[in-house]
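S.K.: give me coordinates for this.
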Amino acid sequence: MIIAVEIIRKLKLKEAPTSLNLALEAMTLDFPIFLTAEYDEVFPKMWSFWIKAASEDAASFSTILRFMFDSVRKSHKRKQVEFEVPEKKKVSLLEQAQKISQKAPNIMGVGIIGKGAKKRRVIPPEEIEEDSQLNSVVLQFIKEVLNTVEKEEAKLLLTNTAVSLFTEVFCEEHPDIESFWPVPVGRGVQRTNLEKDLVLLKSIPKLTFPLISVLADDWRIFNRMTFIFRAKMNQLLAFWEACRFTDAVSCQKELRESISLVTLLSKSGIIPEIIAQTSLIYEFCAPYHVFLLLNSIWGYLHCHPPTAELLESKFQGVNTDIFLTDARNIMLENIDRTGHLFDKFF
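M.R.: Residues are numbered from 1 along each chain as shown. Just a heads-up that it's a prediction; the model follows:
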C-alpha cells in the first residue's frame, strides 16, 4: 500500500488527469477502512496527497469529497435506529379461545393488541465512535483544503462544490429545496412544512452545522443552505411552543441549539447584529418567550430576504424596531435578570 501511494503521489495532474482521478476514486471508494489501526502508517501520506490534489484541482476535490460524503451517509443510515414490524399472523377465534393464557383477561376471543412487539436495533459503541470519527475527518479535510487555497475565486469554487455535493448526497429525497422563508405563524397554528423539515433533519449527518459554520463567511454560500436552518428553526419553534417548563434553562440541549442557530445567522451577515443579540435573553426567560424571539427572527427573514444590495448597505432603511418589540417587552418582564442587557436594546 505504501508503494502504491508513493507511485500515485508522483502522478502529475496536468500530464495524466484521468489516471489521477481514477486513482483518487480507488483510494476513497472505501474511505472508512483507512481510519482503522491497520492503516496508521500509510494514512498520513494518503492524507497529504488528498489535500494537495484537492487544493490544486476542483475536479479532484469533488471526487474525493463525493466518496467521503457517501461514506458518511452510509454510516449515518446504519446508525439510525430501525424498527421491524413482525408479519401479522392470522389466528382464528377458536384458536384464540383454546390458547387463553392464565395471565390473560378472561374474555371471549382474546387476541393480539396492535401489531405485536417491535425489534429494536441496538447500536454498538464502536459504530457510534466510528461515525463520530468519520464526521470529524471529513470536516477536517474540507477545512484544510479551504485554508490551503489562497485565491478567492478558487476558494469560492470549492465551497460551491462542497455545498452542491452535500445537497446531492444528503438531500436527494428533498427536491423542493429553496431559501424562501414562509409567513411566520403564531401560537396554536399549524407550522408550515414541519413534517417535511423533521424528515430532512433526520437525513443529515452531525457534521452539517459545523460545516455550515466553516462556510458561513460568504453569505451567498450560506444562503444556499438556508433551507437547513429553516428546517431546524421550524423544529425549535415547535418545541418551544409546546414546552411546559417554567424556564428555558431547563431545556439545555434546545437552548444551546437555538443560540448556535442565531449565532450562525449573525456570522453569515444575513440578519442585523441587534436582532442576533436577542439570543442573549434566551437563558433568562420562559420557553414561550424563546418561541416569540425566534419567531421574530423568522419574521425578519420573511420580510427581508438577503440580497447583495441589502447586505452591502448594512441594512440601511430596515426598521428593526418592529422585530425587537417582543425582545424589549420580554426583557422588561424579566428585568431582575436581564438588567445588564438594558443598554443593548433601549
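
S.K.: ok, the closest residue to F170 other than its chain neighbours - contacts?
M.R.: Nearest residue to F170, sequence neighbours excluded (Cβ to Cβ, 6 or more residues apart in numbering): I204, at 5.1 Å. For the C-beta atoms, the positions are set from N, CA and C on the backbone; glycine is no exception. Neighbouring residues of I204 by Cβ atoms under 8 Å, 6 or more residues apart in numbering: H76, F170, C171, I228.

S.K.: ok, so of these, who is nearest T320?
M.R.: Comparing those against T320 with Cβ to Cβ picks out I228 as the nearest, at 24.9 Å.

S.K.: is it fair to say that closest one lies in a helix?
M.R.: Yes: using DSSP: H, G, I helix; E, B strand; the rest coil, the assignment for I228 is a helix.

S.K.: tell me the contacts of it?
M.R.: Shown in contact with I228 (Cβ under 8 Å, 6+ apart): L200, L201, I204, T208, I212.

S.K.: out of these, which end up buried?
M.R.: For the contacts of I228, a neighbour count by 16 or more other Cβ atoms under 10 Å gives the buried set as L200, I204, T208, I212.

S.K.: what residues of whichever helix in the chain runs longest count as buried?
M.R.: Scanning the chain for the longest helix, with DSSP state H as the assignment, gives helix 125-148. Across helix 125-148, burial judged by 16+ other Cβ under 10 Å covers E130, D131, L134, N135, V137, V138, L139, F141, I142, E144, V145, L146.

S.K.: and the strand or helix carrying T161, how far out from the chain's middle?
M.R.: T161 belongs to helix 152-170 when assigned by DSSP states H and E. Helix 152-170 sits 16 Å away from the centroid of its parent chain (Cα atoms, centre = their mean, to the nearest Å).

S.K.: which strands and helices sit next to that helix?
M.R.: helix 58-79, helix 125-148, helix 208-215, helix 219-224 (3 or more Cβ pairs under 8 Å, 6 or more residues apart in numbering; DSSP states H and E).

S.K.: what about 10 Å?
M.R.: Secondary-structure packing of helix 152-170 (3 or more Cβ pairs under 10 Å, 6 or more residues apart in numbering; DSSP states H and E): helix 43-56, helix 58-79, helix 125-148, helix 208-215, helix 219-224, helix 226-242.

S.K.: helices or strands next to the shortest one in the packing?
M.R.: The helices and strands touching helix 219-224, judged by 3+ Cβ pairs under 10 Å, 6+ apart, are helix 152-170, helix 208-215, helix 226-242, helix 252-268, helix 308-312.

S.K.: now it: mean pLDDT?
M.R.: For helix 219-224, mean pLDDT is 85.

S.K.: which other residues reach that helix?
M.R.: Under the contact criterion Cβ atoms under 10 Å, 6 or more residues apart in numbering, helix 219-224 has outside partners 156, 159-160, 162-164, 166-167, 177, 179, 212-216, 218, 226, 229, 264-265, 267-270, 305-308, 311.

S.K.: buried ones among these?
M.R.: Judged by 16+ other Cβ under 10 Å, buried ones among the contacts of helix 219-224: 159-160, 162-163, 166-167, 179, 212-216, 218, 226, 229, 264-265, 268-270, 306.

S.K.: and stretch 193-200, how far from the chain's centre?
M.R.: With Cα atoms, centre = their mean, you get 13 Å for stretch 193-200.

S.K.: could you export it as CSV, CA atoms only?
M.R.: Output of stretch 193-200 as CSV, limited to C-alpha atoms (Å, rounded to 0.1, in the frame of the first residue of the first chain):
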residue,chain,number,x,y,z
ASN,A,193,-43.9,22.0,6.3
LEU,A,194,-43.0,20.9,9.8
GLU,A,195,-43.2,17.2,8.9
LYS,A,196,-41.0,17.6,5.8
ASP,A,197,-38.5,19.6,7.9
LEU,A,198,-38.3,16.8,10.5
VAL,A,199,-37.6,14.2,7.8
LEU,A,200,-34.9,16.5,6.4
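
S.K.: can you lay out the buried residues of helix 125-148 as JSON lines showing distance to N329 and pLDDT?
M.R.: Output for those, formatted as JSON lines (distance: Cβ to Cβ, whole Å; pLDDT from 0 to 100):
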{"residue": "E130", "distance to N329": "48", "pLDDT": "71"}
{"residue": "D131", "distance to N329": "44", "pLDDT": "74"}
{"residue": "L134", "distance to N329": "46", "pLDDT": "82"}
{"residue": "N135", "distance to N329": "41", "pLDDT": "85"}
{"residue": "V137", "distance to N329": "47", "pLDDT": "86"}
{"residue": "V138", "distance to N329": "44", "pLDDT": "87"}
{"residue": "L139", "distance to N329": "40", "pLDDT": "90"}
{"residue": "F141", "distance to N329": "46", "pLDDT": "89"}
{"residue": "I142", "distance to N329": "42", "pLDDT": "91"}
{"residue": "E144", "distance to N329": "47", "pLDDT": "91"}
{"residue": "V145", "distance to N329": "47", "pLDDT": "91"}
{"residue": "L146", "distance to N329": "42", "pLDDT": "91"}
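
S.K.: re the thing from before, in JSON lines, list the helices and strands packed on helix 152-170 along with distance to V318.
M.R.: Output for those, formatted as JSON lines (distance: least, Cβ to Cβ, whole Å):
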{"stretch": "helix 43-56", "distance to V318": "39"}
{"stretch": "helix 58-79", "distance to V318": "37"}
{"stretch": "helix 125-148", "distance to V318": "31"}
{"stretch": "helix 208-215", "distance to V318": "24"}
{"stretch": "helix 219-224", "distance to V318": "15"}
{"stretch": "helix 226-242", "distance to V318": "18"}
